[in-house]
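Asks: Sequence and predicted structure are below.
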Amino acid sequence: MSNIAAKAKELLESKAVQVVIGYEAGPTGVVRPAFVTDPAKTDSLIYNENCLQNLAMYLTKHEVKHLGKMGIVATLPVMRSIMMLISEQQVVAENIVVLGISDDGKLLDIADMNVMKAHIEKSNLGNPTKDQEKLAELNKLSLEEKFKFWEQELSKCIKCYACRQSCPMCYCIRCSTDCNQPQWIPVQANTQGNIDWHILRAMHLAGRCISCGECGRACPLNIPCHLLTMQLSDQTYNYFKVHAGTSVDMKSVMSTFEPNDKESFII
Ligand code: SF4
Ligand code: SF4
Ligand code: SF4
């Protein structure tokens with residue numbers, strides 16, 4: 001039995017949690033999320049390099065929340081998502097037990113949110129290297145070239161909203177795209193409407209995106225929409241020296257005003 005399975009079994013047997021959210025191999029061997037409630041079934045839990053999905057998105061789902069206290073297998077992006085969700089009052093720290101995973105795949109001893117905070121603080125919080133390299137490439141382009149790149153990419157979007165559904169920070173019960181009074185975003189997929197949708201989402205994620213890359217991985221058309229929110233994460237850090245998901249009481253960058261703010265963005 002792996003360390004993760006043993007820990008999950010112990011938590012379920014002692015009734016410290018009622019469900020453990022983790023990863024398992026599906027019937028075809030493809031990794032999928034697992035929701036284990038029976039201590040006798042924790043053997044199905046695995047962790048390997050294919051366990052990439054950000055499981056934190058399930059913490060705000062009614063179907064999972066109503067099971068009771070939740071244990072969750074958490075790599076760094078999942079831990080940062082948990083911090084964000086607590087700071088935005090979407091989950092309660094006391095309802096979550098973190099089965100932390102180190103960068104080299106080992107089970108960490110995360111006794112509480114203070115321990116998790118300390119672990120996050122000593123980690124690399126920048127965007128993943130391959131995404132940072134792509135952003136650097138894009139940032140070398142002229143405005144017109146950048147616009148052309150995104151116009152081409154976003155014209156492929158079919159508005160399936162898998163990017164939104166997979167993002168732990170897109171937890172709104174009713175997304176702005178689903179509102180029709182007023183209709184902010186056109187229902188049909190067309191290039192201008194798709195650009196509107198992605199600008200709206202990127203702005204909603206500014207200072208909140210924890211750079212997990214899940215939205216890009218979820219896209220069936222391989223549109224690198226995660227680069228939009230990651231670019232804003234970079235900007236947030238450059239302007240405000242804040243990384244999202246590093247504290248349970250962090251204030252939202254986009255909705256916090258200080259009288260001595262530079263206001264250099266006002267034109
Ligand atoms: S990378 Fe995408 S899925 Fe992950 S937090 Fe940012 S916007 Fe959400
Ligand atoms: S795109 Fe904006 S409104 Fe829609 S779910 Fe995400 S954060 Fe909420
Ligand atoms: S997942 Fe891809 S195709 Fe679907 S809405 Fe997002 S960007 Fe568009």
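Replies: Looks like it arrived, so ask away. Numbers count the residues shown, from 1 in each chain. Ligands and ions are numbered 1, 2, ... in the order given.

Asks: so where's this protein shaky on pLDDT?
Replies: Counting by pLDDT under 70, the chain contains low-confidence residues at 1, 265-267.

Asks: Leaving out chain neighbours, which residue sits closest to residue 96?
Replies: Setting aside the residues directly before and after it, residue 96 is nearest to residue 70 in space (C-beta to C-beta, 6 or more residues apart in numbering), at 5.6 Å. Where C-beta positions appear, they are placed from N, C-alpha and C, glycine not excepted.

Asks: Around ligand 1, pick out the residues from the stretch 51-200 of the chain.
Replies: By C-beta under 6 Å from any ligand atom, the residues of the stretch 51-200 of the chain that approach ligand 1 are 54, 166-167, 169.

Asks: I'd like the distance between the closest residue to residue 52 other than its chain neighbours and residue 223.
Replies: Once flanking residues are discounted, residue 52 sits nearest to residue 217: 6.6 Å by C-beta to C-beta, 6+ apart. Distance, residue 217 to residue 223, by C-beta to C-beta, to the nearest Å: 11 Å.

Asks: Also residue 65?
Replies: To residue 223, residue 65 is 30 Å away according to C-beta to C-beta.

Asks: same deal with residue 80?
Replies: From residue 80 to residue 223 the distance is 23 Å (C-beta to C-beta).

Asks: Of these two, give the one with the bigger neighbour count.
Replies: Per other C-beta atoms under 10 Å, whichever of residue 80 and residue 223 has more neighbours is residue 80, with 26 against 22.

Asks: Could you list which residues are in contact with the more buried one?
Replies: 120, 125, 210, 212, 244-246 (C-beta atoms under 8 Å, 6 or more residues apart in numbering).

Asks: Helix, strand, or coil at it?
Replies: Using DSSP: H, G, I helix; E, B strand; the rest coil, the structure places residue 80 in helix.

Asks: who in this structure is up against ligand 2?
Replies: Residues of the chain lying near ligand 2 (C-beta under 6 Å from any ligand atom): 164, 170, 172, 175-177, 201, 204.

Asks: By neighbours, which of those wins?
Replies: When neighbours are counted by other C-beta under 10 Å, residue 201 leads the residues of the chain next to ligand 2 with 25 neighbours.

Asks: For that one, give me phi and psi.
Replies: Torsion angles at residue 201 (phi, psi; degrees, to the nearest 10) stand at phi -70, psi -40.

Asks: Spatially nearest residue to it, not counting backbone neighbours?
Replies: Using C-beta to C-beta, 6+ apart and skipping residues adjacent in sequence, the residue nearest residue 201 is residue 164, 6.6 Å away.

Asks: Does residue 161 touch residue 177 like I think?
Replies: Yes: contact criterion C-beta atoms under 8 Å: residue 161 and residue 177 qualify, at 7.1 Å.
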